[in-house]
Structure formats: C-alpha cells, structure tokens
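K.L.:
Kindly generate the corresponding structure for this input.
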Amino acid sequence: MKQADITKVLAQDYKTTNVDELNKLLKDKNTEQVKYKISGKTLGHLGFTGFIKTVAAEGLKVFAVNKVSLLRFEDIEKFEKAKPKSERPLKVKKDAEEKSMDKAAEPFNKRDTVFAVNDDGYDDLRPKKYKKKAVKPSGKAGSKFIPKK
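P.N.:
Down below sits the predicted model:
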C-alpha cells in the first residue's frame, strides 16, 4: 500500500490528511486512540490489530506488546479500522447440565446398547455378550529361538 492510501483511512478519524498533523494527533494523549487492523502475507495469518504511533516515510510505527515496531508500506496489503468487540459474534458454551439434559432427552432406541431378548419375548436388561472369534495364526507359530545346552 501507499502512504496516501493509509492517510485517507486515518483522515476519516482524525480529520486531516497532512502527515505532520496526523503524527501530532497520534502522539497527543488527549485525543482518543483508535485501533486499526493491518494485514499482509508477511505480517502473519491474522495480521496486526493495534494502535499506531506515527506515520513514517518508510512505513507505520505501531505499538507491539512492549516495543514499537515498523511495518513497511510494501508489507501492508489491507488497512482498515478495527471493529469493536460488541460487533463480533459471541460463542456460547453449553453448561454441563445442559449437555446431560440433551443426552437424557434423546430417544431410547438411539442409544448404542443392544439388549438380549428372552424366550418369552421380554427384554433382558443385561447387555448382550458377543463371543470373540478364535483367531487363526498365519504362518509358523512359536519362537524361532530355542536355547540348547
């Protein structure tokens, strides 16, 4: 991106396109700080969302975790104002009680337990026992090592 494109986006919030005046407003503590979302291939998968310190000749200086970093204009592909948290959709987790209620509400025939039926036609409450089939060994069986005296 070019510096002119970025100053147009900043002008929407700070009401000026002059770089020197923008830098004064960005450094001023009395003005409201606005978060911006900057994305590009070299900036990582999600990009960068944060406050801008200054607009330099070679790029943007932004506040990283505990330092100031320079993001070059050629690395920036998309620059926009960050959305507030209130506009993001919230993910609601189900409580343990709700999950147990959902499981109890499912019909009996959908459960994966199979019950045996007696000769008189009534269900036996014990689970049906399946017989294991004998596995035939393939090839030679036994150990090849037989110790000799």
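K.L.:
Excluding sequence neighbours, find me the nearest residue to Q12.
P.N.:
Using Cβ to Cβ, 6 or more residues apart in numbering and skipping the chain neighbours, the partner closest in space to Q12 is K81 (7.5 Å). Placement of C-beta: from N, CA and C, glycine included.
K.L.:
Relative to V34, how far out is that neighbour?
P.N.:
Separation of K81 from V34 (Cβ to Cβ, to the nearest Å) stands at 6 Å.
K.L.:
Averaged pLDDT, the lengthiest strand in the chain. What do you get?
P.N.:
The longest strand of the chain (DSSP state E) is strand 48-55. Rounded to a whole number, the mean pLDDT of strand 48-55 is 88.
K.L.:
Please point out which parts of it sit buried.
P.N.:
Across strand 48-55, burial judged by 16 or more other Cβ atoms under 10 Å covers 48, 50, 52-55.
K.L.:
if we look at it, which residues are touching it?
P.N.:
Applying Cβ atoms under 8 Å, 6 or more residues apart in numbering, the contact partners of strand 48-55 are 3, 6-7, 10, 19, 22-23, 26-27, 33-39, 60-64, 68, 71, 82.
K.L.:
please redo it, this time with the cut-off set to 6 Å
P.N.:
19, 22-23, 26, 33, 35-38, 60-63, 68, 82 (Cβ atoms under 6 Å, 6 or more residues apart in numbering).
K.L.:
what's in contact with stretch 73-84?
P.N.:
Against stretch 73-84 from outside (Cβ under 6 Å, 6+ apart): 1, 6, 9, 35-40, 42, 49, 59.
K.L.:
tell me the mean pLDDT over the lengthiest helix in the chain?
P.N.:
For the chain, the helix with the greatest residue count under DSSP state H is helix 3-14. With pLDDT averaged residue by residue, helix 3-14 scores 90.
K.L.:
Start the count at 725 instead of 1 going forward.
P.N.:
Taking 725 as the first residue, the last one we looked at is helix 727-738.
K.L.:
List of residues touching that helix?
P.N.:
Contacts of helix 727-738 (Cβ under 6 Å, 6+ apart): 741, 746, 749, 758, 803.
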